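Participant: all I have is the shape, not the residue letters:
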């Protein structure tokens, strides 16, 4: 199911931590093999904790802001590109959000498009609480692939490093 994952990272994560959602489009793509055990586990954890995202979105606690979902958008034959979507709306089983990244392969969508999807398409979620990231589990396996100093900067952005 996870064919080739495209993960938006570097500048996107910085943008999430310090600026409004409208600037989340800067990104760098890191390709991760479909069978990467750590990434598969990170996606599973994100999906298992998705109820936390929905609770916070429906009734934000103190200091909670900047809601985003990472969604697998299909392209080609059995392939997916993962995008961060903001301005998320949920009405029953109908979910949509605004695509916050430029596509690399899924060129049938564009940054700024409102995209409809199902909960099964969600690969991660992210909120900011008191200026710190909560969620964003798919970034954690990538930290060990970065230079140590850079990884520490990103870890410092997490509420629970």
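Facilitator: Cool, the structure landed. For clarity, every value in this text was computed on a predicted model and none was experimentally measured. Residues are numbered from 1 along each chain as shown.

Participant: how about the helices of the protein, start to end?
Facilitator: 10-18, 37-48, 50-58, 140-143, 148-155 (DSSP state H).

Participant: next, the angle helix 50-58 makes with the second one.
Facilitator: Taking axes from the mean of the first three to the mean of the last three C-alpha atoms, to 10 degrees, helix 37-48 and helix 50-58 form an angle of 50 degrees between their directions.

Participant: and helix 37-48, how far out from the chain middle?
Facilitator: Put simply, helix 37-48 sits 12 Å off its chain's centre (C-alpha atoms, centre = their mean, to the nearest Å).

Participant: run through the residues that contact the spatially most central residue of the chain.
Facilitator: Nearest to the mean C-alpha position of the chain, counting by C-alpha atoms, centre = their mean, stands residue 70 at 3.3 Å. For residue 70, the contacting residues are 8, 46, 82, 83, 84, 85, 122, 123, 124, 125, 126, 138, by C-beta atoms under 8 Å, 6 or more residues apart in numbering. (Glycine included, C-beta is placed from N, CA and C.)

Participant: any idea how far apart the tips of stretch 84-102 sit?
Facilitator: One end of stretch 84-102 sits 10 Å from the other (C-alpha to C-alpha, to the nearest Å).

Participant: got the buried residues for that stretch?
Facilitator: Neighbour counts using 16 or more other C-beta atoms under 10 Å place 84, 85, 86, 88, 95, 96, 97, 98, 99, 100, 101, 102 of stretch 84-102 among the buried residues.

Participant: how many residues are close by the closest residue to residue 117 other than its chain neighbours?
Facilitator: The shortest distance from residue 117 to any non-neighbouring residue, by C-beta to C-beta, 6 or more residues apart in numbering, is to residue 71 (5.1 Å). By other C-beta atoms under 10 Å, 26 other residues sit near residue 71.

Participant: and for residue 140?
Facilitator: A total of 18 residues lie near residue 140 under the criterion other C-beta under 10 Å.

Participant: nearest spatial neighbour of it, chain-adjacent residues omitted?
Facilitator: Spatial nearest neighbour of residue 140, excluding adjacent residues (C-beta to C-beta, 6+ apart): residue 42 at 5.8 Å.
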